[in-house]
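> Here you go, sequence then predicted model.
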Amino acid sequence: MLRMKTLLLLAVTTTTLVFAGCNGTGGAESSNNGVGATPSADTTPPSMPTGLTVTAAGSTGANLSWNASTDNVGVTGYIVSRDGIEAGTTATTTYAETGLSPGVTYSYSVAARDAAGNRSHASPNAKFNIADTTPPTTPTGLTATVAGSTGANLSWSASTDNVGVTAYILLRNGVQVATPATTSFTDTGLSAATTYSYTVAARDAAGNISPNSASVSVTTASVADTTPPTTPTGLTAAAAGSTGVNLSWSASTDNVGVTGYIVRRNGVQIATPATTSYTDTGLSAATTYSYSVSARDAAGNISPNSASVSVTTASAADTTPPSTPTGLTAAAAGSTGVNLSWSASTDNVGVTGYIVRRNGVQVATPATTSFADTGLSAATTYSYTVAARDAAGNISPDSTSVSVTTPPPPPSNSASLAWDAVTAPTLSGYRVYFGTAPGTYLQSLGQGISVGNVTAYTITGLASGTQYYFAVTAFDTLGAESPYSNEVSKNIP
Ligand SMILES: [Ca+2]
Ligand SMILES: [Ca+2]
Ligand SMILES: [Ca+2]
Ligand SMILES: [Ca+2]
């Protein structure tokens, strides 16, 4: 109790004038403090304000209101604090804040006071925030530069915002790829030789997003291709007649793409086909050629040469006929035969035979330069020509025609003999012997029919139904006679 009295006395000395105007209530209290007529000091603070609310007022203001406090003497006003610092006072239960910033959270409390200066406990804090609904400005000055074959460097001018730009939104071909906090970005992982379009927008902490910037495009660099295609395999070559060769091979592969092939003949490039086959032409007949193939790509890389293959063209077709036979002669051989002979023809490749025509009709194709025609009619004139031919079937023109007339048929009951001539300097002639039994002749040796120096003779007057045997001898000017020739026989019908 002693301590309480001391405090009361101090209050009296410092607040006498204040309470002079409050006798009505002071008097009521004074009766309780037992100090007599002197007004008692008010040491009781008002009750703590309750129900503090803060509502927005425009874009930068707020209205605070709360429930009135009570006091043993009387509440004289309220003290409003913002973020722990006194912001203002009011005699009523409302307070208007101005000049607030969007996007900032303010914490308010209010305390009541009375005339004696007693101050209540501060109310619980009420938080208040003015929403930021203003987007940043649109970014400008967007530029994009190539960074090799897979990257692009982007930069732009900073946007501004009523509160503050917190990041940028970078779009590549309309799709968000990054949200950098600064005004540049290096995009990576792009495809070579490809065009990309970029825009950028700015955003603030409240999520407001500016319009997209103007679009810029950039094309990445091409990747240098230094890898050649694979070596062609399976090369085959086939002769196409006497002047052509057909080539084909298996396709090569490449990291980018095969654009064509290089065909070499005997080591010299002759063609650059885009496909896996080629027909070489204008070659020489019966000649061997060597071929190889390599593949190339668009960057000019060339594969190694394939294994080489050799092929020999066919021999040239022979279209030249042999020369026309010359020197054709025809001689009757008896009454039913003709012996033909002629000079050989020549040919660019070779004569393989002759064609003999009798009266324009082919009768024989001998390989040599003579022919014995038989089975003819006696006493008849025949015309012959000869042509030559080669292996390709080319045929020469017909030779000059020659005619021959067969002699009349021999008389009946006769026998015509012919023999080889005897070569002797003193030859005089021949003698013919005949009889009806082998080796036995009607003429004694030396008494044969002397026929002169000829090689053919016809014996007439022979008997019908008899088999005759014949032989010939030669004799010289001295009378010497040769042995008999071989014997021939004939049956006289
Ligand atoms: Ca009070
Ligand atoms: Ca804003
Ligand atoms: Ca390549
Ligand atoms: Ca020929």
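Received the coordinates, thanks. Ligands and ions are numbered 1, 2, ... in the order given.
> you'd agree S109 is in a strand?
Yes: the assignment for S109 (DSSP: H, G, I helix; E, B strand; the rest coil) places it in a strand.
> Can you tell me which residues in the stretch 351-493 of the chain are near ligand 4?
The stretch 351-493 of the chain comes close to ligand 4 at residues D390, N394, as judged by C-beta under 5 Å from the ion. For the C-beta atoms, the positions are set from N, CA and C on the backbone; glycine is no exception.
> For ligand 1, see how far away the residue of the stretch 351-493 of the chain found nearest ligand 4 is.
Nearest residue of the stretch 351-493 of the chain to ligand 4 (C-beta to the ion) works out as D390 at 3.8 Å. Distance from D390 to ligand 1, counting by C-beta to the ion, to the nearest Å: 150 Å.
> And for T324?
In terms of C-beta to the ion, T324 sits 159 Å off from ligand 1.
> In this structure that residue contacts T385, no?
No: the pair T324 / T385 is not scored as a contact, 9.8 Å apart, by C-beta atoms under 8 Å.
> how about the residues of this protein near ligand 4?
Looking at ligand 4, the residues of the chain close enough under C-beta under 5 Å from the ion are D318, T320, D347, N348, V349, D390, N394.
> Can you tell me which of these has the largest number of neighbours?
Greatest neighbour count in the residues of the chain next to ligand 4, by other C-beta atoms under 10 Å, goes to D390: 21 neighbours.
> And the pLDDT at the residue lying closest to that residue once chain neighbours are set aside?
Setting aside the residues directly before and after it, D390 is nearest to D347 in space (C-beta to C-beta, 6 or more residues apart in numbering), at 4.7 Å. D347 is assigned 94 on the pLDDT scale.
> Just say helix, strand or coil for S489.
From three-state DSSP, the assignment for S489 is strand.
> Contacts only, for the nearest residue to it once chain neighbours are set aside.
The spatial neighbour of S489 that comes closest, neighbours along the chain excluded (C-beta to C-beta, 6+ apart), is Y469 at 4.7 Å. Y469 is in contact with F434, G435, T436, A437, P438, G439, T440, Y441, E487, V488, S489, counting by C-beta atoms under 8 Å, 6 or more residues apart in numbering.
> at 10 Å what do you get?
415, 433-441, 487-490 (C-beta atoms under 10 Å, 6 or more residues apart in numbering).
> For stretch 180-191, buried residues please.
Applying a neighbour-count criterion of 16 or more other C-beta atoms under 10 Å, one finds T183, F185, D187, L190 buried in stretch 180-191.
> now stretch 224-241
Neighbour-count burial for stretch 224-241, counted by 16+ other C-beta under 10 Å, picks out P228, P229, T230, P232, L235, A237, A239, A240.
> Just send those back as a markdown table, with secondary structure, distance to ligand 3 and pLDDT too.
Formatted as a markdown table, the buried residues of stretch 224-241 follow (DSSP: H, G, I helix; E, B strand; the rest coil; distance: C-beta to the ion, whole Å; pLDDT from 0 to 100):
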| residue | secondary structure | distance to ligand 3 | pLDDT |
| --- | --- | --- | --- |
| P228 | coil | 6 | 96 |
| P229 | coil | 6 | 97 |
| T230 | coil | 10 | 98 |
| P232 | coil | 14 | 98 |
| L235 | strand | 21 | 98 |
| A237 | strand | 27 | 97 |
| A239 | strand | 34 | 93 |
| A240 | strand | 33 | 89 |
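> Isn't A87 up against A111?
No: counting by C-beta atoms under 10 Å, A87 does not reach A111; the two are 11.8 Å apart.
> of the buried residues of stretch 180-191, closest to T253?
Taking C-beta to C-beta as the measure, T253 lies nearest L190 of the buried residues of stretch 180-191, at 25.8 Å.
> how's this structure carved up into domains?
2-33, 50-129, 140-219, 233-312, 326-405, 415-492 (automatic domain parsing).
> which residues of the chain fall in helices?
Shown for the chain, the helices assigned by DSSP state H span residues 2-20, 23-33.
> Once you drop chain neighbours, what's closest to the closest residue to ligand 2 within the stretch 151-300 of the chain?
Residue of the stretch 151-300 of the chain nearest ligand 2, by C-beta to the ion: D204 (3.8 Å). Nearest non-adjacent residue to D204, counting by C-beta to C-beta, 6+ apart: D161, 4.7 Å away.
> quick one, phi psi at the residue of the stretch 301-450 of the chain found nearest ligand 1?
Nearest residue of the stretch 301-450 of the chain to ligand 1: N301, at 99.5 Å (C-beta to the ion). Main-chain torsions, N301, degrees, to the nearest 10: phi -70, psi 140.
> Do I have it right that it meets T226?
Yes: here N301 lies in contact with T226, judged by C-beta under 10 Å, at a distance of 6.6 Å.
> In the protein, where is pLDDT below threshold?
Residue ranges of the chain with pLDDT under 70: 1-39.
> Tell me the residues of it that contact ligand 1?
D42, T44, D71, N72, V73, D114, N118.
> Got a quick ChimeraX command for the buried subset of these?
Per 16+ other C-beta under 10 Å, the buried members of these correspond to this ChimeraX selection:
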select :42,71,72,73,114,118
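> Next step: the residues of the chain next to ligand 1 restricted to strands.
Among the residues of the chain next to ligand 1, the members found in strands (DSSP state E) are D114.
> Count the residues that sit near the residue nearest to T90 when sequence neighbours are not counted.
Nearest residue to T90, sequence neighbours excluded (C-beta to C-beta, 6+ apart): Y78, at 5.3 Å. A count of neighbours around Y78, defined by other C-beta under 10 Å, yields 26.
> ok, now which ones touch Y78?
Neighbours of Y78 in contact, by C-beta under 10 Å, 6+ apart: 46, 49, 64, 66, 68-69, 88-95, 110-113, 119-120, 123.
> are any of the residues you listed buried, and which?
By 16+ other C-beta under 10 Å, those give 46, 49, 64, 66, 69, 93, 95, 110-113, 120, 123 as buried.
> Between which two of these is the distance greatest?
Across the buried ones among the contacts of Y78 (C-beta to C-beta), the longest gap, 17.1 Å, separates P46 and L64.
> unless I'm mixing things up, L171 is touching A201, no?
Yes: using C-beta under 10 Å, L171 is in contact with A201, at 7.6 Å.
> overlap in contacts of the two?
Both L171 and A201 are contacted by N212, S213, under the criterion C-beta under 10 Å, 6+ apart.
> So between these two, which is more surrounded?
A201 (21 against 17).
> Hmm, N212 and the more buried one touching each other?
Yes: contact criterion C-beta under 10 Å: A201 and N212 qualify, at 5.0 Å.
> Find residues that contact each of the two.
Joint contacts of A201 and N212 (C-beta under 10 Å, 6+ apart) are T138, P139, I169, L171.
> top of these by neighbour count?
P139 (24 neighbours).
> Could you report the separation of that residue from A314?
78 Å (C-beta to C-beta, to the nearest Å).
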